[in-house]
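Requesting a structural model of the entry that follows:
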Amino acid sequence: MAASDSQAAERAQQNGLTIGIDVGGTFTDVVCIAAGGAQTLAKAASTPADQSEGVVEGLRNLAAALGLDLAALLGRTARIVHGTTVATNALLERKGARIGLLTTAGHRDVIEMREGLKPERYDLRLAAPEPLVPRRLRLGVAERLRPDGSVEVPLDPASLDAAIAALKAGQVEGVAIGFLHSWAAPQHEHAAAAAVAAAMPGAFVTCSADVLPQIKEFERFSTTAVNAYVGPVVSRYLGKLAGRLEQAGYRGPLFVILSHGGVAPVEEAARRAVGTALSGPAGGVAAAVALAAQGLGQDLVTFDMGGTSTDIALVTGGEAALGRGRVVGGERIALESLDIVTLGAGGGSIAHLGPGGTLQVGPRSAGAVPGPACYGLGGAEPTVTDANLVLGYLDAGNFLGGARRLDLAAAEAAVAGLAARLGITPAACAAGIHDLVNARMADGVRLATVRRGVDPRDSALLSFGGAAGLHATAVARELGLRRAAVPLFAAGLSAWGMLHTDLRYELTRSAVTPAGMPADAALRALFDGLEAEGRGRMAGWHGGETAARRSADMRYGEQVFEIAVPLDGIDWAGPDLGAQIRAAFHARHRALFTYDLPEEEVVLVNARLAVVGLLPRHAAAGGAAGEAAAPVAQRRIRLDGAAVMAPVHRFEALAPGQAVAGPAIVESATTTVLLRPGDAARMDARGWLEIAVPPG
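Next up is the predicted model:
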């Protein structure tokens, strides 16, 4: 960094602005938090062809809201955290890079055979998934390591050169390297990577030993192939975005939120791009954890409904659930990630006739372009947003604070066209669309909770995203939840949440031994080595306070799957370290499955360590101080087949403690909350609308 850049960064630190950016399918949300806690939200239309254009436009809109130009805003900004859907879209749309795979001779079909299972095992007509790497670009190399890392067959240079020549002829952009047992010793993979880099300058080269150094070939090879597939796309995007920000005057760090909910510098996110596959929804879960700590409640179901999808996750005891083995776009990603259920149900989801002439909503979406019919950009099919406008829940003249006027006539025409095909009235069709998407989202919550053995009824439904407020209490009724909450910053809560998480670097090492559990000295050396490596990496990112969190994947000797076991509270310097870890496993197994088997052998499979660089926190945006504000208008809406007059309240004008009874509308420039009859809402001083929901 040049001296002038260093001085600019220092001045930005003193000004203390932090910015979170969340790119959604329809809108890009940009949230700014000042050093004193003042918070500002701006939005721009997302630009799927090049997300960086929408990001920069969102920053311009934010600068205008603050009375600044873009250069002045960026000059005062100390940190930008970004959530991106570039990797997700590349997988879902199959628009990643052309890639090849180098693997141990005889093992090139691992990623096609997978684990021998089908997603729908009883569907005899289900076609096999198409691998990311075609068979002719999956090339075997003469080499082999034993499980202990010793060499059985040395790496053959002639075989490697022939494979690289075939990849060059295939004009691949990325190369995944996955050799047998490289988790135990990476030297063959690293030698192959060096040879590929020398022969194919500019290619994106990634080794399984660097992406996921653990046992189970399919998970390791699949995760590495995904990294090679999305890596070039993500790298280009992040490089373009960083360049645009620098050209506009930004000199601070650019971080990217990753699938596990932590953030990393942009260079690390580009190197391990597979870790951004759930970057988009991770910010919302981070926000939920932050709000839980601020008093919303320790048990939350997150309900993030945007323009194209709804993301649902679980926060228990103030902590977000993590898992591994997620499938995105049909591809297995075995990195640790937040446990998020995603539905193709959002404001832009298109209503249509399904098989048998039945009404269906989604998963196809109108997206940002052309968007719902009411946007007036050429969309003609009815969407959830169109239905909500027809039902009176949205104010056509106050969308985005009046920055965009919705076309009520276009929405009515789109809904009427579908209603005619169904043989019902337009009002009934709009209500059916609204009710059907509510039922779909309630099923998504059940998938995230009940089917995982969790009863959601003691949790609060934290509703955010631009569209969730219109559906929150209906979904809560469907599930028997008695509490719902909608933050004042609901439309930008995911971007806000990105400013309430920490830097995080994950490490894993397989540690399977014939004894099941390594000796105490080996255990200490294993975890201490991981911590030293992780703290060394974090030192290059962060000069502040850090913490290390240890965990392990463990199983009983005869089991075929492992469970994640937190190792908090272990006395690493004390005696009987192995016994302490075994006791932690028994307790975790008992908590998950109601029983444990103390007499059975316990096997440590993977050692895991996360190094966390702690970043500053901010409070939630509070409501207005002062006396209770009167409704600003009355609006005719349709509820349960009848037209009723509902008072309209300004969200930001509600005083702390002010009560609002349903039926009513609470709206801001970027979100609208529908309160149904029997709902009792109260504005919390900490910045969210607390809603008591009667039994359904």
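
only C-alpha atoms for contact and neighbour calcs from this point on.
Fine.

which SS class is the residue of the chain most remote from its centre?
For the chain, the C-alpha farthest from the mean C-alpha position belongs to A158; by CA atoms, centre = their mean, that distance is 43.0 Å. Secondary structure for A158, judged by DSSP: H, G, I helix; E, B strand; the rest coil, is helix.

for the chain, which spans come out with low pLDDT?
1-15, 401-402, 618-626, 696 (pLDDT under 70).

so where do the strands sit in the stretch 151-300 of the chain?
For the stretch 151-300 of the chain, the strands identified by DSSP state E, counting those that start in this stretch occupy 151-153, 174-178, 204-207, 254-257, 263-265, 300-305, in order along the chain.

Make sure A90 is actually in contact with V230.
Yes - look at A90 against V230 with CA atoms under 8 Å: they come within range, at 6.5 Å.

what residues are shared contacts of those two?
Here A90 and V230 share the contacting residues G96, scored by CA atoms under 8 Å, 6 or more residues apart in numbering.

Just the residues contacting stretch 543-554, thanks.
Applying CA under 8 Å, 6+ apart, the set of residues contacting stretch 543-554 from outside is 527, 531, 562-568, 585, 602-615.

Go through that stretch and flag the buried ones.
Of the residues in stretch 543-554, those buried under the neighbour-count criterion (16 or more other CA atoms under 10 Å) are 546, 548, 550-554.

quick one: the helices in the stretch 351-500 of the chain?
Under the criterion DSSP state H, counting those that start in this stretch, the stretch 351-500 of the chain contains helices at 384-390, 408-422, 426-448, 472-479, 493-497.

which of the contacts of stretch 543-554 count as buried?
When burial is judged by neighbour count using 16+ other CA under 10 Å, the buried members of the contacts of stretch 543-554 are 527, 531, 563-567, 585, 602-614.

Among those residues, which lie within strands?
563-566, 602-613 (DSSP state E).

about what we covered before: just want to know which of A90 and V230 has more residues nearby.
With other CA atoms under 10 Å as the criterion, A90 and V230 differ in neighbour count, and V230 comes out ahead with 30 against 18.

E115: how many residues sit nearby?
E115 is flanked by 12 other residues according to other CA under 10 Å.

Return the residues in contact with the closest residue to it other than its chain neighbours.
If the residues on either side of it in the chain are set aside, E115 comes closest to F218, at 6.9 Å by CA to CA, 6 or more residues apart in numbering. Under the criterion of CA under 8 Å, 6+ apart, the contact list for F218 reads 110-111, 114-115.

Tell me the one among those residues nearest to A71.
If you rank the contacts of F218 by distance to A71 using CA to CA, I111 comes first, at 47.5 Å.

did I read that right, that closest one in a helix?
Yes - counting by three-state DSSP, I111 is part of a helix.

Looks like it contacts F221 (just checking).
Yes - I111 lies in contact with F221 (CA under 8 Å); the separation is 6.6 Å.

doesn't A411 make contact with G376?
No - using CA under 8 Å, G376 is not in contact with A411; the gap is 9.1 Å.

Tell me which of the two has more neighbours.
The neighbour comparison of G376 against A411 (other CA under 10 Å) goes to A411, with 27 against 18.

Quickly note the distance from the more buried one to E381.
According to CA to CA, to the nearest Å, A411 and E381 sit 9 Å apart.

Quickly list what's touching both of the two.
When contacts are counted by CA under 8 Å, 6+ apart, A411 and E381 have 372-373 as shared neighbours.

sorry, back to before: name the stretch among the helices of the stretch 351-500 of the chain that sits most buried.
Here the criterion is mean neighbour count by mean count of other CA atoms under 10 Å, and of the helices of the stretch 351-500 of the chain the winner is helix 493-497, at a mean of 31.
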